[in-house]
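K.L.:
no sequence on this one, just coordinates:
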């Protein structure tokens, strides 16, 4: 296989193919091993899909040609990372040796226990971070646990997809030359046309502080007015190496 594309909505666990549920994890179905996939679940589960009990990684990776790419077209809209990154940007601005704590908020889509699992600390605040230390935490607790990173390791090839905390919007126009006028691909909101929901600041943090490469190939080029988008970020999807 040279290319694998999954066209769907996504969430932190992975692609949403039919919006099913993992009844084993929910405790509604008994299993001798809670790491096994629920056989009735049809959605992506990064916490399960790439474990040995569910996937023969050697056989799976052998199906991909050298240099193959995979693209996950949905978003990764877990708001925790978006809010945390924006706090880090604001709190480190204008200081030569920035040191800050991320503050918990109820719109982060998690509870305090999970907040501290990701960022340490106590009460409503995280550990004390420098910008470099916080970027390292985003990589180790965010990027390393994405579906894209799991697929990149399992396939042994590059995967392109949304970075933690980024949402997706539909293009205004179908791809050039497409006979399917209703086909609209997705991109991370950015630029003048989408200022209200623009995530350019979050993507710039990923690019500058984590040296994330953004997919800029003509194959995935935006069809909208290029003046409405930052050419440094293409569709806003990052590159995940094995």
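P.N.:
Sure thing, it's come through. Computed from a predicted structure; not experimentally measured.

K.L.:
Mind listing the strands the lowest-mean-pLDDT helix or strand in the chain pairs with, and their directions?
P.N.:
The helix or strand of the chain with the lowest confidence, counting by mean pLDDT, DSSP states H and E, is strand 169-170 at a mean of 80. Within its sheet, strand 169-170 is paired with strand 186-187 (antiparallel), according to DSSP bridges.

K.L.:
List the contacts of the strand it pairs with.
P.N.:
73-75, 168-171, 222, 229, 235-237 (C-beta atoms under 8 Å, 6 or more residues apart in numbering). Glycine gets a C-beta too; all of them are placed from N, C-alpha and C.

K.L.:
Filter these down to the buried ones.
P.N.:
Buried members of the contacts of strand 186-187, counted by 16 or more other C-beta atoms under 10 Å: 73-75, 168-169, 222, 229, 235-237.

K.L.:
circling back: so which pair among the contacts of strand 186-187 is furthest apart in space?
P.N.:
Pairwise distances across these peak at 18.9 Å for 74 and 229 (criterion: C-beta to C-beta).

K.L.:
Out of the buried ones among the contacts of strand 186-187, which comes closest to residue 20?
P.N.:
residue 74 (15.2 Å).

K.L.:
Which residues are in contact with the closest one?
P.N.:
6, 8-11, 15-16, 161-162, 168, 186.

K.L.:
Now residue 104. Nearest residue, chain neighbours left out?
P.N.:
residue 124 (4.4 Å; C-beta to C-beta, 6 or more residues apart in numbering).

K.L.:
you'd agree that neighbour is up against residue 108?
P.N.:
No: taking C-beta atoms under 8 Å as the definition, residue 124 is not a contact partner of residue 108, at 11.0 Å.

K.L.:
Show me the helices in the chain, by range?
P.N.:
57-61, 79-92, 112-119, 131-141, 147-155, 200-209 (DSSP state H).

K.L.:
Which pLDDT value goes with the most centrally placed residue in the chain?
P.N.:
Nearest residue to the geometric centre of the chain (C-alpha atoms, centre = their mean): residue 163, 3.3 Å. Listed pLDDT for residue 163 reads 96.

K.L.:
Could you do residue 204 as well?
P.N.:
94.

K.L.:
Tell me how many other residues surround it.
P.N.:
16 (other C-beta atoms under 10 Å).

K.L.:
Tell me who's in contact with it.
P.N.:
residue 232.

K.L.:
Could you measure from the closest residue to residue 156 other than its chain neighbours over to residue 13?
P.N.:
Of all residues not flanking residue 156 in the chain, residue 61 sits nearest, at 4.6 Å (C-beta to C-beta, 6+ apart). Taking C-beta to C-beta, to the nearest Å as the measure, residue 61 falls 22 Å from residue 13.

K.L.:
And residue 167, by the same measure?
P.N.:
Taking C-beta to C-beta, one finds residue 167 at 16 Å from residue 13.

K.L.:
Check residue 53 too.
P.N.:
Taken as C-beta to C-beta, the span from residue 53 to residue 13 is 17 Å.

K.L.:
In terms of neighbours, single out the busier of the two.
P.N.:
residue 13 (20 against 9).

K.L.:
isn't the more buried one right next to residue 44, touching?
P.N.:
Yes: contact criterion C-beta under 8 Å: residue 13 and residue 44 qualify, at 6.1 Å.

K.L.:
between the two, what contacts are shared?
P.N.:
Once C-beta under 8 Å, 6+ apart is applied, the residues that residue 13 and residue 44 both contact turn out to be residue 147.
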